[in-house]
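Trainee: 3D, please:
(one chain, ligands or ions: 1)
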Amino acid sequence: MNRRTLMGAAAMVAALSVTGLALAQDLPPLEQKDSYKVGFAQTESNNPWRIAQTKSFEDTAATCGWDLVMTDAGGSAAKQVADVESMIAQGIDVLFLPPREESPLIPAVMRAKAAGIPVFLVDRSVDPAVAEAGRDYVTFLGSDFIDQGRRVAEWVIANHDGEGRIIQLEGTTGSSPANDRKKGFDDAIAADSRFTILESRSGDFARDEGRRVMETLLQAHPDVNIVYAHNDEMAIGAIQALEAAGRVPGQDVLVVSIDGTRDALQAIIDGKMGVTVESSPFFGPLACETMKKYAAGETIEPWVQVEDRIFTQENAAENLEGAY
Ligand code: AHR
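Mentor: The predicted structure follows:
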């Protein structure tokens, strides 16, 4: 059980003790019907992961009876809030939302709920101390980001000989995957005294920013021999920076990451990356199934967890074809 589960469970027990069965009734109901006007407010479309996630919703629309209203916030939490407000005004039945950052999107979640629209958070979550699944939104569909960071650290501990001097490229500041992937990794790596985190800085989950940050940090820490990136795009950017500086990723610097994109699997096959822990972007079918269960009045758990694989030299090639 991780931080979010614990906080969510504690908050729910407290709320139940005060309100009794009123908790579930607080959520807007969803009528059972053949088609729904569905809002999907994407955060940005600057990487293969986001593009695959959007496509998964588009592909699911026809089979799930969705009339999709889609927006792209272009990397701005303020724009994503405005996008949700526009969807509310357009009369959507349901909102699927990957909140770009944990706090700024909470008012949008609350406004959708106040307008009678059930909200399903997909892939990213909001601050669990402020907004709760089962009360403010229906559920969170997504991976265990703390566990992803922990699994990367455990792979590094098991596969790196000698001292490890680590640069960490964090995801978007204030986002749930950046917060949790850092926590999971930092806690696990601290258990082995061979490892030191030299510096940890945001590359905003973007390839170019990851490359730029890596160029800067490489000058400050030329003794780095491990790079942990919170997503594959930043890992690829870091590899570009390392190679431009005459370093040899996979030989003198171990690069490890999270997502499972095609480029990352290819980098593993080429010996430039050690591992990527999967974070699946294919949410469409799960979103459809969960929405239908909710409309049918079934109990929805506060967290519908996605299980993730791990890709290494042993299985990267066989998974390349299905990668995005
Ligand atoms: O929220 C999931 C993260 O967001 C993915 O790891 C990343 O690639 C994306 O931008």
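Trainee: residue ranges of the helices in the stretch 51-200 of the chain, please?
Mentor: For the stretch 51-200 of the chain, helices defined by DSSP state H, counting those that start in this stretch occupy the ranges 77-89, 106-114, 145-159, 176-189.
Trainee: Can you pull the residues of the stretch 151-300 of the chain lying near the ligand?
Mentor: 177, 205, 231, 233, 258-259, 279 (Cβ under 6 Å from any ligand atom). In this view, the C-beta of every residue, glycine as well, is placed from N, C-alpha and C.
Trainee: The same query, at a cut-off of 5 Å, please.
Mentor: Counting by Cβ under 5 Å from any ligand atom, the residues of the stretch 151-300 of the chain lying close to the ligand are 177, 205, 231, 259, 279.
Trainee: How about the one helix or strand Gln219 maps to, which residues are buried there?
Mentor: Per DSSP states H and E, Gln219 falls inside helix 207-220. Residues of helix 207-220 classed as buried: 207, 209-211, 213-215, 217-218 (neighbour count, 16 or more other Cβ atoms under 10 Å).
Trainee: Let me have those residues in JSON lines, adding distance to Ile157 and pLDDT as columns.
Mentor: Below are those laid out as JSON lines (distance: Cβ to Cβ, whole Å; pLDDT from 0 to 100):
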{"residue": "Arg207", "distance to Ile157": "27", "pLDDT": "98"}
{"residue": "Glu209", "distance to Ile157": "28", "pLDDT": "98"}
{"residue": "Gly210", "distance to Ile157": "23", "pLDDT": "98"}
{"residue": "Arg211", "distance to Ile157": "27", "pLDDT": "98"}
{"residue": "Val213", "distance to Ile157": "24", "pLDDT": "98"}
{"residue": "Met214", "distance to Ile157": "22", "pLDDT": "98"}
{"residue": "Glu215", "distance to Ile157": "28", "pLDDT": "98"}
{"residue": "Leu217", "distance to Ile157": "22", "pLDDT": "98"}
{"residue": "Leu218", "distance to Ile157": "23", "pLDDT": "98"}
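Trainee: Of those residues, just say which sits nearest to Ala190.
Mentor: Leu217 (20.2 Å; Cβ to Cβ).
Trainee: Verify the stated contact: that closest one with Ser202.
Mentor: No: under the criterion of Cβ atoms under 8 Å, Leu217 is not in contact with Ser202, lying 11.5 Å apart.
Trainee: Please name the nearest non-neighbouring residue to Ala267.
Mentor: Met273 (4.1 Å; Cβ to Cβ, 6 or more residues apart in numbering).
Trainee: Looks to me like that neighbour is in a helix.
Mentor: No: counting by DSSP: H, G, I helix; E, B strand; the rest coil, Met273 is not part of a helix but coil.
Trainee: ok, which residues in the stretch 1-150 of the chain are in contact with the ligand?
Mentor: Residues of the stretch 1-150 of the chain lying near the ligand by Cβ under 5 Å from any ligand atom: 49, 123-124.
Trainee: Same list, these, but as JSON lines with pLDDT please.
Mentor: Output for those, formatted as JSON lines (pLDDT from 0 to 100):
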{"residue": "Trp49", "pLDDT": "98"}
{"residue": "Asp123", "pLDDT": "97"}
{"residue": "Arg124", "pLDDT": "98"}
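Trainee: need those residues in a markdown table with distance to Arg247 and neighbour count, can you?
Mentor: Shown next, in a markdown table, are these (distance: Cβ to Cβ, whole Å; neighbours: other Cβ atoms under 10 Å):
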| residue | distance to Arg247 | neighbour count |
| --- | --- | --- |
| Trp49 | 26 | 21 |
| Asp123 | 33 | 24 |
| Arg124 | 32 | 24 |
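Trainee: tell me which of these is nearest to Gln305?
Mentor: Taking those together and measuring to Gln305 by Cβ to Cβ, the closest member is Asp123, at 12.0 Å.
Trainee: need the contact list for that closest one.
Mentor: 53, 98, 141-143, 281, 283 (Cβ atoms under 8 Å, 6 or more residues apart in numbering).
Trainee: what's the spacing between it and Val130?
Mentor: Asp123 sits 19 Å away from Val130, going by Cβ to Cβ, to the nearest Å.
Trainee: Please name the residues that touch the residue nearest to Val130 when sequence neighbours are not counted.
Mentor: Among residues not flanking Val130 along the chain, Ile106 sits closest, at 5.5 Å (Cβ to Cβ, 6+ apart). Counting by Cβ under 8 Å, 6+ apart, Ile106 makes contact with 99, 126-127, 130-131, 136.
Trainee: Give me the buried subset of those.
Mentor: Neighbour-count burial (16+ other Cβ under 10 Å) applied to the contacts of Ile106 gives 99, 126-127, 131, 136.
Trainee: pLDDT and distance to Ile226 for those residues - can I get that in TSV?
Mentor: Formatted as TSV, those follow (pLDDT from 0 to 100; distance: Cβ to Cβ, whole Å):
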residue	pLDDT	distance to Ile226
Pro99	98	30
Val126	98	31
Asp127	97	30
Ala131	97	36
Asp136	97	39
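Trainee: between the residues you listed, which is nearest Glu298?
Mentor: Of the buried ones among the contacts of Ile106, the one sitting nearest to Glu298 (Cβ to Cβ) turns out to be Asp136, at 19.5 Å.
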